[in-house]
Every structure is written in structure tokens, then in C-alpha cells.
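*Asks:* turn this into a model:
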Amino acid sequence: MAGALTTVAHRDTGQRPGAVGWVLIAGTGAYLAVFLVVPLVSIFTEALRKGWSVYLNALVEGDAVSAITLTLTVAAIAVPLNMVFGLAASWCLARFQFRGRSLIITLIDLPFAVSPVISGLVFVLIFGAQGWLGPWLKAHDIKILFALPGLVLATIFVTFPFVARELIPLMQEQGREEEEAAVLLGANGWQVFWRITLPKIRWGLLYGVLLCNARAMGEFGAVSVVSGHIRGKTNTIPLHIEILYNDYNFAAAFAVATLLALLALVTLILKKILERRLGEA
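*Replies:* Sure thing, here's the model as predicted:
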């Protein structure tokens, strides 16, 4: 009976689409073309409309270089911290049952439910001049808002679910039998992690880090609130694009936007590769 069902499942999976199938395929293709392909093509077309010299000058201009450097710096700080948090949270939630576990899982999903602008306003409420810690920070000459720490905090908040949400179900599915066997054979915690756990979750970890990095570099709402829009100092790539566009410098705006478009394309390619690796694991 099971063999027959398997045969039917394979036959159904490989069958050619009928009329309704082709309509759905055409509709999906048209939808992707209108909302994905056309915008991407228009970005590169507008960026190169005035020639390569204008395009390259827009990328090496001082404020653009500062925005690119700041974006990479924020991502270089936020992504590793979220990776460590994701590993710790997934290990804790997938391996142990304890009171409050469901609450922690809900809190991990909170950034998915809260608008990034709202999360930015929360940091203003805490660290702003009139916020809870504002007077103390001012008295000790510590800058959180309108500086690198504020950008990092806002980015960490909006991106920390990605690694954890990828690893938690993966580790739950894999179980803990091999880890328990290693402990019984005398392995300590670090040996279990490096030799048993990490090799089994490495592709899922890379997948989560990839998504986390893409969101960190493209985040707009939260960092817009805490940055102060100081040109050459606190503007990341998305904020720099907004300023260029508002100044009617469309060629430069689209030129810088191609960096994020290329990041999106690279992310999609790597995402596909990692999905295949996860399927094989």
C-alpha cells in the first residue's frame, strides 16, 4: 500500500500541467515580471542612463563612501552578535523544556510583528535627550542616538530573529540522541558543540546569517529614526539613497541603489544554493 502511494505521488509530481496549470504558471510569471524583474531592470537602466562616468562618480563620492562604510560596519557588528544569540537561543529552546519557553519564542518573533519605525521610536524613548536614560547619558558624554551605537542597536533588534528562527526547527527535527551519546562517551560541552552540533546545523546557520545580513544592510525604518540623517556620518546606504532622491539627484540615487539590488541578487543565488544543501543534509 505504501509503495503504491509512493508511486502515485511520484507520478503526480512529474505530470505535465493542464490548461489551468498553464494559466497559473503564466499568471505567476507575469506577476514576477511586473513586481520583480521590471523594477530591477529599471534601477540599472536609470543608474546607467547618463553613462558609466556618472555612475562610478556617484559610488566614489564622499558621502556615498561614508554610507557604504557605515553600512558594512553596522552589519559586521550586528550579524555576528545575532549569530551568537541565534545559536544560544536555538540550543536552549530546542534541547530543553522549561517554564516560559513559549514566551521566549514569542519574543523572538516580536520584530516580525512590530514596525521597524516603532522599534526605532522605542530606542528614542530610552536613549533620547528626554528619554529614560537620556540625562544620564548626557551627563557622562555617551552618545547612543545619532551615532554608530544607535544604528547597531536598531539593526540588531530588527534582525535578531533570522538566525534563531532558522535553527530552532532544524535542531528540533534533528533531535539530541547523538549529542547525548557523545556526552556518555566522555565528551565535554565544547566538544559536543564543535564535533556534533555545528556540523549538523552549519548550512542552516549560514542560511540564517545570509538572511540576517541582507536585512541588516537594507534596513531603513528603524535606522532612519535613530540616525538623525547626518550626511557623511550617520547615513547608511538606504538613507543616502533617500537623500539623493529627495535632492532630485536621480542618477546618483539609482547608482547607489544598484548596490542593494546586487546584494539582493547575490542573496537569492546563495539562498538557493543553501536551500539545496539543506535538502541534501
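*Asks:* contact partners for the most centrally placed residue in the chain?
*Replies:* The residue lying closest to the centre of the chain (Cα atoms, centre = their mean) is Cys212, at 2.6 Å. Cys212 makes contact with Ala78, Val79, Asn82, Met83, Gly86, Thr159, Phe160, Phe162, Val163 under the criterion Cβ atoms under 8 Å, 6 or more residues apart in numbering. (Glycine included, C-beta is placed from N, CA and C.)
*Asks:* greatest separation within those residues: which pair is it?
*Replies:* Farthest-apart pair in these is Ala78 and Gly86; separation 12.0 Å (Cβ to Cβ).
*Asks:* returning to what we had before: quick check: closest non-adjacent residue to the residue nearest to the centre of the chain.
*Replies:* The shortest distance from Cys212 to any non-neighbouring residue, by Cβ to Cβ, 6 or more residues apart in numbering, is to Phe162 (4.0 Å).
*Asks:* hang on, isn't the one you found packed against Gly208?
*Replies:* Yes - with contact defined as Cβ atoms under 8 Å, Phe162 counts as touching Gly208 (5.1 Å).
*Asks:* shared neighbours, those two?
*Replies:* Gly86.
*Asks:* which residues of the protein score low on pLDDT?
*Replies:* Residues of the chain that meet the criterion pLDDT under 70 lie in 1-14, 280-281.
*Asks:* contact partners for Ile156?
*Replies:* So Ile156 contacts Ala78, Leu81, Asn82 (Cβ under 8 Å, 6+ apart).
*Asks:* repeat that with 6 Å
*Replies:* Ala78 (Cβ atoms under 6 Å, 6 or more residues apart in numbering).
*Asks:* quick one: secondary structure of it?
*Replies:* Following DSSP: H, G, I helix; E, B strand; the rest coil, the label given to Ile156 is helix.
*Asks:* what distance do you get for it to Arg277?
*Replies:* 27 Å (Cβ to Cβ, to the nearest Å).
*Asks:* chain neighbours aside, what residue packs nearest to Phe123?
*Replies:* Val226 (5.3 Å).
*Asks:* what number of residues lie near that neighbour?
*Replies:* Val226 has 26 neighbours, counted by other Cβ atoms under 10 Å.
*Asks:* hang on, isn't Asn235 packed against Ile68?
*Replies:* No - taking contacts as Cβ atoms under 6 Å, Asn235 lies outside contact range of Ile68: 10.2 Å.
*Asks:* quick check: neighbours shared by those two?
*Replies:* Between them, Asn235 and Ile68 share no contacting residue, judged by Cβ under 6 Å, 6+ apart.
*Asks:* excluding covalently adjacent residues, which one is nearest to Leu59?
*Replies:* Nearest to Leu59 is Ala255, by Cβ to Cβ, 6+ apart, at 6.1 Å.
*Asks:* before we move on, which element is the one you found in?
*Replies:* Taking DSSP states H and E as the criterion, Ala255 maps to helix 250-280.
*Asks:* chain center to that helix: distance?
*Replies:* Its chain's C-alpha centre and that of helix 250-280 lie 11 Å apart, by Cα atoms, centre = their mean, to the nearest Å.
*Asks:* for it, which positions count as buried?
*Replies:* Buried residues in helix 250-280, defined by neighbour count with 16 or more other Cβ atoms under 10 Å: 251-261, 263, 267, 270, 274, 278.
*Asks:* so what does that helix touch, helix or strand wise?
*Replies:* helix 38-47, helix 52-60, helix 198-218, helix 237-246 (3 or more Cβ pairs under 6 Å, 6 or more residues apart in numbering; DSSP states H and E).
*Asks:* using a markdown table, please lay out those together with distance to Arg99.
*Replies:* Output for the helices and strands packed on helix 250-280, formatted as a markdown table (distance: least, Cβ to Cβ, whole Å):
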| stretch | distance to Arg99 |
| --- | --- |
| helix 38-47 | 48 |
| helix 52-60 | 53 |
| helix 198-218 | 26 |
| helix 237-246 | 41 |
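*Asks:* neighbours of Ile104, how many?
*Replies:* The burial count for Ile104: 13, using other Cβ under 10 Å.
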